[in-house]
Each structure stands twice: as structure tokens, then as C-alpha cells.
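Trainee: Show me the folded form of this:
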Amino acid sequence: MPDLLYADHMGYDQAKLVCEKLLEQAASDLAGGVELTCARVGQISGSTKTGIWNETEHFPALLKGSQMIGKLPKVDGMFSWISADIAAEAICDIALQEPPPRLVYQIENPNRQSWRETIELFAKELQLCEVVPPEKWVSVIRKDDEEREATLDLRE
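Mentor: Next comes the predicted model:
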């Protein structure tokens, strides 16, 4: 197994690397017996047609939490989302290729966006004037969750 330092220090990324390497080994062991391809997909967003996005995904959940507490987290860096229908089309194209495709494909939006600019846009659109450091945002979210649970306990 390769050194997991090649993956980010997150279990999810490390698990993806382990799965990729297991597929690579299986392809080698079964040479000619089976065709294997791994599509590594970045963050999938809503469809280009409807914009509907799974509410439990990272960004919609972040916005929902921000609306509940009236604050947005200050986030630095860049992100790259790919619409669900575009990702699906890319996967279909890969699966239907002749001759057999390579083992690993990285499917992502090549255009990077600024987190800071996106957060500022949503702060304006959602009328949330306070943008706070991520640690404070998480702290307020946790406190809000505890208060909601206490309220639910009182109702029972």
C-alpha cells in the first residue's frame, strides 16, 4: 500500500486512495479478465438545469446553518464544484470509451472560485452581515444545536 501521505490528512481522501490502489491491484491480478476504471469526482453541485443541490452536502448545509445562526464563516482558498449532470456525462463518456479507458480519471471543474468572494456574495444575498472566523462559526453552530436539543427535550 502506498504511503497515505499522498492523500490529504482526511480519512475520506485516504479511503479514496486505498480504494484506488485496491482497484489497481485487482486490475493487475486479473490482467485481461476484467476492465476496471476509477472516476475520482470532485465536489458535485446541483444540476445546470435546476440548480437543485442535495441539502446535506457541504455547501448547502453550511448555508442552512449560517441562516440559522445569522453568521457566515470566513473561508479562504479556492473551490471547484462540478454540476451533477456534467459529472454524469463525463462518467458516461469514460465508461463508453473504446479502447478500454485508463484506470483513474479525475473529474472536476477546471475553473476555481474564491471562497471569500462567494461567502461575501451569500452574505449580501442572505442579508447576513457578520462573517466570522471558522472556529467561532463552529462554536456558535454547536451552541445553537445544544439549545435546540434542550428545547426539544422540554417539549417531550
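Trainee: The chain: helices as residue ranges?
Mentor: With helices called from DSSP state H, the chain shows them at 11-29, 58-69, 84-95, 115-125, 134-155.
Trainee: looking at those helices, which is closest to Gly42?
Mentor: Gly42 sits nearest to helix 84-95 of all the helices of the chain, at 8.2 Å, using C-beta to C-beta. For glycine as for every other residue, the C-beta is placed from the backbone atoms N, C-alpha and C.
Trainee: Check the average confidence over that closest one, would you?
Mentor: On average, the pLDDT along helix 84-95 is 93.
Trainee: what sits up against it?
Mentor: The contact list for helix 84-95 (C-beta atoms under 8 Å, 6 or more residues apart in numbering) reads 37, 39, 41, 44-49, 101, 105, 107, 109.
Trainee: need those residues in CSV with neighbour count, can you?
Mentor: Formatted as CSV, these follow (neighbours: other C-beta atoms under 10 Å):
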residue, neighbour count
Thr37, 16
Ala39, 14
Val41, 16
Ile44, 20
Ser45, 23
Gly46, 17
Ser47, 14
Thr48, 11
Lys49, 9
Pro101, 17
Tyr105, 17
Ile107, 18
Asn109, 17
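Trainee: Can I get the residues you listed in JSON lines including pLDDT and distance to Ala15?
Mentor: Output for the contacts of helix 84-95, formatted as JSON lines (pLDDT from 0 to 100; distance: C-beta to C-beta, whole Å):
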{"residue": "Thr37", "pLDDT": "82", "distance to Ala15": "18"}
{"residue": "Ala39", "pLDDT": "87", "distance to Ala15": "15"}
{"residue": "Val41", "pLDDT": "88", "distance to Ala15": "14"}
{"residue": "Ile44", "pLDDT": "89", "distance to Ala15": "17"}
{"residue": "Ser45", "pLDDT": "91", "distance to Ala15": "22"}
{"residue": "Gly46", "pLDDT": "90", "distance to Ala15": "25"}
{"residue": "Ser47", "pLDDT": "90", "distance to Ala15": "27"}
{"residue": "Thr48", "pLDDT": "93", "distance to Ala15": "29"}
{"residue": "Lys49", "pLDDT": "93", "distance to Ala15": "31"}
{"residue": "Pro101", "pLDDT": "68", "distance to Ala15": "22"}
{"residue": "Tyr105", "pLDDT": "88", "distance to Ala15": "18"}
{"residue": "Ile107", "pLDDT": "92", "distance to Ala15": "18"}
{"residue": "Asn109", "pLDDT": "90", "distance to Ala15": "22"}
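Trainee: That's all I had, so thanks and see you.
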